[in-house]
Structures are given as C-alpha cells and as structure tokens.
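[1] Below is the sequence, then the predicted model.
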Amino acid sequence: MNPHRVAIVAVEDVMAFDLGTPSQVFGAAAGPDGEPLYTSVVCTAGGRPVRTSAGFEATVAHGLEAVAAADTVVVPGPAGTSAAAHGRVDEAVLAAVRDATARGARVVSICTGAFVLAAAGLLDGRPATTHWRYADRFRDLFPTVRLDPDVLFVDDGDILTSAGVAAGIDLCLHIVRQDHGATVANAAARRCVVPPIRSGGQAQFIERPLPEDDTTSLAPVRAWAVEHLADLPIGLTELATEARVSVRTLTRRWRAETGQTPLQWLLAQRVRLAQNLLEGTDLPVDEVARRAGFGSAVSLRSHLQAAIGQSPTLYRRAFRRAS
C-alpha cells in the first residue's frame, strides 16, 4: 500500500509550531511492520522561502504542484497579525486549496489556517473553528461561516479545522485514528509523547492552568475514574468522595482543569474506551457496553450514536477494516 500523501502549505508569517505539527504526527504513524503510512512535504507559492512567526525563514523544496498530487492538504496557521490572518492570501494558494477540494482531497487547517480556507470560500455555510483569540475578527471577515470558537477541532468530512497550537496535534491524531484506527493513532501519540486523544468538543479555553507542583489537581481522581469505568454508578457523588471535596467544589475545579463538567468528561472517557474495545477486540457489544460502564448495549448504542453518529456494529465494521 502506498503511503497517504500530505502536502503542507506554508504561507507568509506561518506559525512555526503549526508548520511542524503535521509532519511530526503523520510521520509517527506506522503500519504493523513499521512501514510509514504517510509521506509529508512542505510547499509554498512558487517554492519560495517564507517567514515564520519564530523569526527564521523556512526554505522548502516544493511549490504548489505538491498540492495537486496530495491526498490531504494541510494549511498551518499564519501569525495572528499577518496579512493572511486578515483574509489577504496569495491567490495561487487560494486556487490550489480550491482545486484540491474540487478533486476530492481532504483539506485541513490548523489554528488561523482557517482564515486561508475561508478566504478561498471553502467554509461558506460550513462549521469550523479557529483560535478563540481571533474569533471576532474571523466573524467580521467571514460571517457566513458557522464558527464555533469553543472547541478543539471540527471534522466536517472533507474539510477539517482546528483551534490554536496544540489543538493541531489533536486534529492530526484524529485523522490518523479515522484513517487507521485507535492502535496506530495511540502508538503515534506515544512516539510524540502527547495524550492519544482529546475529543473535538472539548473546550479550548482552560480557566486556571495548574502549576506542576499544584497538589490540588484532580488528576489522581481522573486516573481513578478511568480505572473504574466499568463500575456503576460513577457520578458526581462518587467523584467528590474520591476527591474528598464537596460536589460543588469538584465541579468548579474539574471544569477549570479540563474545560468540561465531570459528567461530560466521564461520558467522553466511556465513549473512547468503547471505541477502543470495538476496534481492538471481538468482544460482543453487550460486553463492550459493560466494560465501558454503559450497562447495556442499548445505552452504548444511544451514546455512541450521539457522539460519533454511528452504531457500535457499524463503527466496528468500519474501523476493524481500516486498521
């Protein structure tokens, strides 16, 4: 099987972190014999060097002809003060991403890369996200886009957009998971030393970043919850008891640390575990539901349908085949 071809389009004043993210994550994805599943090239209009947000120039080996040969096209975010982030983009870049979409390639933006896709007219009437800091400016420029600045990424099928900086990692891992299943994506995340999955609906903005020595973190409680997902019930009372705080304090601190309520977070963990079991085992759906803490196949089916739009059977069929 030939590796999936990824073209990364660098625009002027591109964010250096965003530029490196796709090749790093996709380059970490490997098949069962260690074979690369993706090849990535960085390209620019005319193959010219471009400035980066970090103050150095990026010299590339490819022009936009690489976009025409790609299965997936990624547009990393330009710096928020750049011309590209104000809707002014090289017309050759806009034409290249339009042509990619027209021929059926998957098109992806990271952070303010959504400004480029919107300037090309690809996001009109569609859901999308970008860095929360630039949401108002985005709405002013592109009022027809259904912008949601409160999520990490949006998967709208052939066009995917992510929020700022680290959310680009989440989106690239999501793509690997969609293409090749959880086992490959988890291994790629491990190689990159990042969490294997944060759901797209998780909030961008965390109210209170915790210092490393903060002994009040609820991380041990979250670890305990993950170990006990099969136990019913686990709810606010059980979590608060484990944390030795009131339900009100638990809820406030949990949201500050994760951007989600405890029950939202817990449901997301159950869905993820169910997905992993459906992909990686032949367990009956009833047993998957029990181990993930849903209690019954009916409950699992309802929650999986709400979360990803598929039944357990259809999800297993799709992803066991993909992996």
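    Sure, I can see it. Numbering: from 1, shown residues only.
[2] Point me to the helix or strand that includes residue 93.
    helix 91-102 (DSSP states H and E).
[3] do the same with residue 237
    If you go by DSSP H and E, residue 237 is part of helix 236-243.
[4] ok, residue 286 - how many residues close by?
    15 (other C-beta atoms under 10 Å). To be clear about C-beta, it is placed using only N, CA and C from the backbone, and glycine gets the same treatment.
[5] Tell me how far residue 185 lies from residue 29.
    Note on residue 185: its distance to residue 29, by C-beta to C-beta, to the nearest Å, is 7 Å.
[6] returning to what we had before: dump the C-alpha coordinates for whichever helix or strand comes after the helix holding residue 237 into PDB.
    Later in the chain than helix 236-243, the nearest helix or strand by DSSP H and E is helix 247-258. Provided in PDB are the C-alpha atoms of helix 247-258 (Å, rounded to 0.1, in the frame of the first residue of the first chain):
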ATOM      1  CA  VAL A 247     -19.800  18.200  44.700                       C
ATOM      2  CA  ARG A 248     -19.800  22.000  44.200                       C
ATOM      3  CA  THR A 249     -16.000  22.300  44.700                       C
ATOM      4  CA  LEU A 250     -15.400  19.200  42.500                       C
ATOM      5  CA  THR A 251     -17.500  20.600  39.600                       C
ATOM      6  CA  ARG A 252     -15.800  24.000  39.800                       C
ATOM      7  CA  ARG A 253     -12.300  22.700  39.900                       C
ATOM      8  CA  TRP A 254     -12.900  19.900  37.300                       C
ATOM      9  CA  ARG A 255     -14.200  22.500  34.800                       C
ATOM     10  CA  ALA A 256     -11.200  24.800  35.500                       C
ATOM     11  CA  GLU A 257      -8.800  21.900  34.800                       C
ATOM     12  CA  THR A 258     -10.400  20.200  31.900                       C
END
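[7] Pull out the buried positions in helix 247-258.
    250, 251, 253, 254, 255, 257, 258 (16 or more other C-beta atoms under 10 Å).
[8] mean confidence score for stretch 311-323?
    For stretch 311-323, mean pLDDT is 74.
[9] three-state assignment of residue 174?
    Of the three states, residue 174 takes helix according to DSSP: H, G, I helix; E, B strand; the rest coil.
[10] From what I see, it and residue 155 are in contact.
    Yes: judged on C-beta atoms under 8 Å, residue 174 makes contact with residue 155 at a distance of 6.7 Å.
[11] More neighbours: which of the two?
    Neighbours were counted for residue 174 and for residue 155 using other C-beta under 10 Å; residue 174 has more, 22 against 17.
[12] Distance-wise, check the more buried one relative to residue 162.
    Applying C-beta to C-beta to residue 174 and residue 162 gives a distance of 9 Å.
[13] Touching both of those two, which residues are there?
    residue 153 (C-beta atoms under 8 Å, 6 or more residues apart in numbering).
[14] circling back to that earlier point, return the member of the buried residues of helix 247-258 nearest to residue 14.
    Distance to residue 14 across those (C-beta to C-beta) is lowest for residue 258, with 30.0 Å.
[15] Tell me the spacing between that closest one and residue 264.
    In terms of C-beta to C-beta, residue 258 sits 9 Å off from residue 264.
[16] One more: residue 105?
    Between residue 105 and residue 264 the distance is 34 Å, computed by C-beta to C-beta.
[17] Looking at these two, which is more packed in?
    More neighbours surround residue 105 than the other of residue 105 and residue 264, with 20 against 17 (other C-beta under 10 Å).
[18] correct me, but the more buried one touches residue 69?
    No: taking contacts as C-beta under 8 Å, residue 105 lies outside contact range of residue 69: 9.6 Å.
[19] pLDDT averaged over stretch 144-154 - what is it?
    On average, stretch 144-154 scores 90.
[20] Could you work out the end-to-end span of it for me?
    Length of stretch 144-154, first residue to last, C-alpha to C-alpha, to the nearest Å: 16 Å.
[21] ok, and for that stretch, which residues are buried?
    145, 147, 148, 149, 151, 152, 153, 154.
[22] Where does the last one sit: helix, strand or coil?
    Secondary structure, three-state DSSP: residue 154 is strand.
[23] Quick check: it vs residue 162, distance?
    Here the criterion is C-beta to C-beta. By it, residue 154 lies 8 Å from residue 162.
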